[in-house]
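Enquirer: This is a predicted model, with the sequence first.
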Amino acid sequence: MRRLFFSIIVAVLGSLFLIGWGLDNLVANHSEQQESSDIVIYKQIIEGINTQLARTNEENLSSLVKRIATDFSYEINIESSQNIALPQTLHEQLSLAGGLLLVSDNRPYLLRQIEKHPKWLIQLYLPQEQLEDNSVNLLLTAILYLGVCAMLVLWLLPLARRLFLLTKAAAQIGKGELNIRVKNSRLSYISPLEKSFNHMAGQIENLMEDNKILARSLSHDIRTPMSCLRFGVEAALDSNNIEKKNIYLMRMEEELTRMEDMTSAFLAYAGMERQGINLKLENIDVNQFIEAIIEDFQGLAQQYNVLLSAQLPVEPAKYTFDHHWMSRALQNLITNAVQYAKSKVTLSIKFNQNAIEIHIEDDGKGIDEDKLEMVFKPFIKLDTARSREQGHFGLGLAITAKVVSWHQGKIIAGHAKDLSGAGFIIHLPSIKDSNN
């Protein structure tokens, strides 16, 4: 954190110094150019005075100079050339146009030899330069830099606090507190980073929770077939009847098949997180997508004597999602609905602002209120009549919930509004494209 403060302050102050240095050079160059132009003007003035004095008699030089000084507010004198001691090289410049620029007591003046009166010199004083108060400039500069530093610190304090919270949350997650999240703030500069962090933390928590459930469920459910296998081996070894041995071996083979199916299902669910990273998103017509799924499940619905229908919007709409995984999610819901329904299952589509809702309802016995939150947990079977021996491992709704979460959506279990059984709502946000 200190390094962040230091680097930003150094960068800003360094930029200010560089800009200030460049501006100072620019101002200095401009001042030199301004000074040069001022000197040129005064050289032109002294040439004009020289012309006027060259036209008058030597006796009238003094009075004419005083009149010019009074009329034009110039500080002008005439001096005898004998009173000015100059080297020969400088003395020769007195007769040149513009005269000679000299400085006396920090005040510049021009000397020009009067034409036709070489014994006399025109002395024209330039205005006294106003010395700047450097202490005031230094104080103002210090106030500028201190003000910039203060503004930077005020700007960095909220950022530093949010970064501190992120660092603290990451450390807590590293210690095993997987439910830690960074609270959202409207004043945060790094809100996208915080949302990404919370999303990552949620995925880690879900993954760890799934792994724990997987380990517990697998270790629990594998004991029954293992006990059956052990019993079968012992019975086969103790029996001298070939037919009984074959019966025991066939039962052992069935148990091994169930163990293989169970292990495959568990491992497939454990590896689903890798699938969520590589979704193949496509822009799909929702109506055609639902109609195809309904058609595929008509055979299953007829087998259970259930009427399977869809209520689709008149205007077709397109939505971006993974065709394979969203199909699988809906297949799990429709399969459960058909198997638990008495006579009817309906599927409907609703558009709500920038979101799409898929409703699946049946007229079965429904789901108890106290079990609605459990239905999406893996390896949970609410119907004890559907055993693992029949190939049911309690993963269908868990897979559906995981697929929906991959699409940044949510699924809700409840009671059907139009029918008497269970109702599920898949809510998917942000419709990407919509066409009539």
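Expert: It's in.

Enquirer: How about the contacts made by the residue nearest to Ala401 when sequence neighbours are not counted?
Expert: Nearest residue to Ala401, sequence neighbours excluded (Cβ to Cβ, 6 or more residues apart in numbering): Phe376, at 4.1 Å. Heads up, the C-betas are built off the backbone N, CA and C, glycines and all. Phe376 is in contact with 397-398, 400-401, 411, 413, counting by Cβ atoms under 8 Å, 6 or more residues apart in numbering.

Enquirer: how about 6 Å then?
Expert: Counting by Cβ atoms under 6 Å, 6 or more residues apart in numbering, Phe376 makes contact with 397-398, 401.

Enquirer: Gln172 too?
Expert: Gln172 touches Ile180, counting by Cβ under 6 Å, 6+ apart.

Enquirer: what about it, distance to Val182?
Expert: Separation of Gln172 from Val182 (Cβ to Cβ, to the nearest Å) stands at 11 Å.

Enquirer: Show me how the record splits the protein into domains.
Expert: Annotated domains of the chain cover 2-125, 134-219, 278-429 [automatic domain parsing].

Enquirer: most tightly surrounded among those domains?
Expert: domain 278-429 (a mean of 17; mean count of other Cβ atoms under 10 Å).

Enquirer: And the pLDDT for Phe351?
Expert: Per-residue confidence (pLDDT) for Phe351: 80.

Enquirer: mind pulling up the phi and psi values for it?
Expert: When read as degrees, to the nearest 10, the backbone of Phe351 gives phi -110, psi 130.

Enquirer: I'd like the distance between it and Gly414.
Expert: Applying Cβ to Cβ, the value for Phe351 to Gly414 is 20 Å.

Enquirer: quick one: low-confidence parts of the stretch 101-250 of the chain?
Expert: Of all residues in the stretch 101-250 of the chain, those with pLDDT under 70 make up the ranges 105-106, 128-134, 136, 210, 213-221.

Enquirer: now the helices for it?
Expert: 134-174, 191-221, 223-238, 242-270 (DSSP state H, counting those that start in this stretch).

Enquirer: Let me have those helices in a markdown table, adding distance to Leu100 as columns.
Expert: Converted to a markdown table, the helices of the stretch 101-250 of the chain look like this (distance: least, Cβ to Cβ, whole Å):
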| stretch | distance to Leu100 |
| --- | --- |
| helix 134-174 | 31 |
| helix 191-221 | 71 |
| helix 223-238 | 115 |
| helix 242-270 | 98 |
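
Enquirer: Which one of these lies nearest to Thr320?
Expert: helix 191-221 (18.8 Å; Cβ to Cβ).

Enquirer: Just confirm Ile334 is within a helix.
Expert: Yes - using DSSP: H, G, I helix; E, B strand; the rest coil, the assignment for Ile334 is a helix.

Enquirer: so what's Leu61 up against?
Expert: Per Cβ under 6 Å, 6+ apart, neighbours of Leu61: 53, 78.

Enquirer: need the strands for the stretch 251-400 of the chain, in chain order.
Expert: All strands of the stretch 251-400 of the chain, identified by DSSP state E, counting those that start in this stretch, fall at 281-285, 307-311, 318-322, 344-352, 355-362.

Enquirer: how about the CA coordinates for the fourth one, as CSV?
Expert: C-alpha atoms of strand 344-352 as CSV (Å, rounded to 0.1, in the frame of the first residue of the first chain):
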residue,chain,number,x,y,z
LYS,A,344,-50.2,-32.3,-17.6
VAL,A,345,-46.9,-30.5,-17.9
THR,A,346,-46.6,-27.0,-19.4
LEU,A,347,-43.6,-24.9,-20.4
SER,A,348,-43.9,-21.2,-21.0
ILE,A,349,-41.6,-18.3,-21.9
LYS,A,350,-41.9,-14.8,-20.5
PHE,A,351,-39.8,-11.7,-21.2
ASN,A,352,-39.3,-9.2,-18.4
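
Enquirer: ok, now how distant is the closest residue to Lys183 other than its chain neighbours from Glu253?
Expert: Spatial nearest neighbour of Lys183, excluding adjacent residues (Cβ to Cβ, 6+ apart): Leu165 at 7.9 Å. Distance, Leu165 to Glu253, using Cβ to Cβ: 58 Å.

Enquirer: Give me the distance from stretch 397-406 to the chain's centre.
Expert: For stretch 397-406, the separation from the chain centroid amounts to 27 Å (computed by Cα atoms, centre = their mean, to the nearest Å).

Enquirer: what's the answer for stretch 304-314, then?
Expert: 43 Å.

Enquirer: Quick check: mean pLDDT of that stretch?
Expert: Per-residue scores along stretch 304-314 average to 87.

Enquirer: now the end-to-end length of it.
Expert: Stretch 304-314 has its terminal residues 30 Å apart, counting by Cα to Cα, to the nearest Å.

Enquirer: Next: stretch 398-414.
Expert: Using Cα to Cα, the two ends of stretch 398-414 sit 16 Å apart.

Enquirer: Need the contact partners of that stretch.
Expert: Outside stretch 398-414, the residues touching it (Cβ under 6 Å, 6+ apart) are 272, 276, 321, 325, 329, 332-333, 372, 375-376, 378, 423-428.

Enquirer: now stretch 191-200
Expert: 181-182.

Enquirer: Can I take it that Ile426 is in a helix?
Expert: No - under three-state DSSP, Ile426 sits outside any helix and is assigned strand.

Enquirer: Just the pLDDT at the nearest residue to it once chain neighbours are set aside, thanks.
Expert: Using Cβ to Cβ, 6+ apart and skipping the chain neighbours, the partner closest in space to Ile426 is Ile358 (4.2 Å). Model confidence at Ile358, given as pLDDT, is 90.

Enquirer: Compute the distance between Ile358 and Ile293, please.
Expert: Distance from Ile358 to Ile293, by Cβ to Cβ: 10 Å.
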